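Q: With the sequence up front, the predicted model follows.
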Amino acid sequence: MGEQTAAAVSCRGRGLFVSTANLFEVYGSAFIGNDLDGFRGVDSQVEFHSTAFEDNCLTNDPERLSATLNGQLSLKNCPLSVVMGCHVENFTAPTRTLCRRGIVIEGGGCSTIMSNRLVGVGVGPGSPDEDDSSEVRGIFITGGASSAVMPCTVLANAFVQVKTAIEIDGGTALAKDCIMGARRVEFGTGDVVLPTSASDSGLAVLGNRKLGTGGLARGMFVPPRLNTAGNPLPNLTGDDAGYVLFDTTNNLLQLWNGTNWRSIALNP
């Protein structure tokens, strides 16, 4: 079941709300100017293709809208969801004082987000600077109440005038086992916030060109294991060989061979 070439415009609530639905597909549709989320799904398996989400989350009432867990498109406990080839626009306007988020994935896991274009405000010559609010997020992935293991994949997406393009939550709602591919920052900052200090995040970053506000960084990010001085890496009981971590105690790459951790020699 699904929505085909539909529009939800200027609704006083959400553009569309779906709960406990399987194989729900939306394509060729538009969700524009709604007071709450353009689309919100809960406990459902959903897919979005060639769909626009623009200028939603207009209310500034905190009893109706969360600053962090709502967005132009928000999915809660929606496993196996797909967002592909969509436009998410005009969600960072300074006049929107409560919620400035594009795509929000909370719990659920196994989501794939790829080939989307996320556009803030102030695009083009002579336009105002991008909104630098600390709450602006193009894509926000969080484990939710259970700090869930949720192997989400964020592949190539384009960002225009979005201060923080992607955040994978590393706080109390740690989102574990996520993979992030390269992104295109067409105009603006396009920062990324990753759970790099979490020892069990299982994070992999491929082809990344900028971590946070740092300089150029290419290749694969190897998650660190944070240890107090003198403590060895814990054994991975029952796990197959092949895991690689960065040992922050000894500043070495360590390879798990199925029985022991073995250091990988690095040139000074």
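A: Received it, and whenever you're ready, just let me know what you need.

Q: correct me, but Thr68 touches Arg101?
A: Yes - counting by C-beta atoms under 8 Å, Arg101 is a contact partner of Thr68 at 7.2 Å. No exception for glycine: its C-beta is placed from N, CA and C like everyone else's.

Q: what do those two both touch?
A: 135, 140 (C-beta atoms under 8 Å, 6 or more residues apart in numbering).

Q: more neighbours, the two?
A: The residue with more neighbours, out of Thr68 and Arg101, is Arg101; 27 against 16, by other C-beta atoms under 10 Å.

Q: so what pLDDT did the closest residue to Asp191 other than its chain neighbours get?
A: Spatial nearest neighbour of Asp191, excluding adjacent residues (C-beta to C-beta, 6 or more residues apart in numbering): Thr164 at 4.8 Å. Confidence at Thr164, expressed as pLDDT, is 91.

Q: And Ser81, by the same measure?
A: At Ser81, pLDDT is 95.

Q: For the closest residue to it other than its chain neighbours, list the residues it contacts.
A: With C-beta to C-beta, 6+ apart as the criterion, Ser81 has its nearest non-adjacent residue at 4.6 Å, and that residue is Ser111. Remark: with contacts taken as C-beta under 8 Å, 6+ apart, Ser111 is in contact with 75, 78-83, 105, 141, 150, 152-153.

Q: what's the neighbour count on Ala145?
A: 11.

Q: And it, how far from Asn77?
A: 10 Å (C-beta to C-beta, to the nearest Å).

Q: follow-up on the earlier one: neighbours of the residue nearest to Asp191, how many?
A: Thr164 has 24 neighbouring residues, counting by other C-beta under 10 Å.

Q: So it is in contact with Val193, correct?
A: Yes - the criterion here is C-beta under 8 Å, and Thr164 meets it with Val193 at 6.0 Å.

Q: So for Ala145 and Asn77, which residues contact both of them?
A: In contact with both Ala145 and Asn77: Gly107, using C-beta under 8 Å, 6+ apart.

Q: Following the chain past the helix or strand bottoming out on mean pLDDT in the chain, name the next helix or strand.
A: Lowest on mean pLDDT, DSSP states H and E among the helices and strands of the chain sits strand 2-4, with a mean of 60. Using DSSP states H and E, the helix or strand that follows strand 2-4 in sequence is strand 7-9.

Q: Would you give the sheet partners of that following strand, along with the direction of each?
A: Note on strand 7-9: by DSSP bridges, its sheet partners are strand 30-32 (parallel).

Q: Only the C-alpha atoms, please, for the helix or strand following the partner strand, written as CSV.
A: Next in sequence after strand 30-32, counting helices and strands by DSSP H and E, comes strand 39-42. Below are the C-alpha coordinates for strand 39-42, written out as CSV (Å, rounded to 0.1, in the frame of the first residue of the first chain):
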residue,chain,number,x,y,z
PHE,A,39,5.4,12.9,7.4
ARG,A,40,5.7,11.0,10.6
GLY,A,41,5.8,7.2,10.8
VAL,A,42,5.8,5.1,13.9
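
Q: Direction included, what does the next helix or strand after strand 39-42 pair up with?
A: Downstream of strand 39-42, the first helix or strand assigned by DSSP H and E is strand 46-49. Here strand 46-49 is paired, per DSSP bridges, with strand 24-27 (parallel), strand 82-84 (parallel).

Q: Could you identify which of those strands has the lowest mean pLDDT?
A: strand 24-27 (a mean of 94).

Q: Tell me how far that one lies from the chain's centre.
A: The chain centroid and the centroid of strand 24-27 are separated by 20 Å, computed with C-alpha atoms, centre = their mean, to the nearest Å.
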